[in-house]
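Student: Sequence first, predicted model second:
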Amino acid sequence: MLDGFLALYIFMLAAFTGYEIIARVPVILHTPLMSGSNFIHGIVLVGAMIALGHAQTPFELGIGFLGVLLGAGNAAGGYVVTERMLEMFKTSKPGAGGEKR
């Protein structure tokens, strides 16, 4: 029972600390930090795959599969969003007919 409270305490402390840190980040640094956080999402995905590998009951398999599915979507979506944000900073070159692309 004590282990559960300790895990809950660590989770709440991490959530509060993460919120306070992210709330103080200037807007100009958002894109580089998003790109760096995609690396962390990849680590979460690896953790979910390890948890799924150790699952034994159908409930554990379902939760593990959902974790892998959501982790993969989060990591892939983060890279897509980062790429779209970085596209905004590229200079556009005039194409045929003088139109900008």
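Tutor: Here it is on my side, so go on.

Student: tell me which element the residue nearest the centre of the chain falls in.
Tutor: Among the residues of the chain, the one closest to the centroid is residue 41, at 4.0 Å (Cα atoms, centre = their mean). Element membership for residue 41 (DSSP states H and E) is helix 30-53.

Student: What residues sit buried inside the next helix or strand after that helix?
Tutor: Sequence order places helix 58-87 as the next helix or strand after helix 30-53, per DSSP H and E. Within helix 58-87, the residues that count as buried by 16 or more other Cβ atoms under 10 Å are 64, 67-68, 71-72, 74-75, 78, 82. All C-beta atoms are positioned from the backbone trio N, CA, C, and that covers glycine.

Student: on that earlier part again, report all helices and strands that the helix holding residue 41 contacts.
Tutor: The criterion is 3 or more Cβ pairs under 8 Å, 6 or more residues apart in numbering; DSSP states H and E, and the helices and strands that helix 30-53 contacts are helix 58-87.

Student: returning to what we had before: also compute the angle for the helix holding residue 41 relative to helix 58-87, please.
Tutor: 160 degrees (axes from the mean of the first three to the mean of the last three Cα atoms, to 10 degrees).
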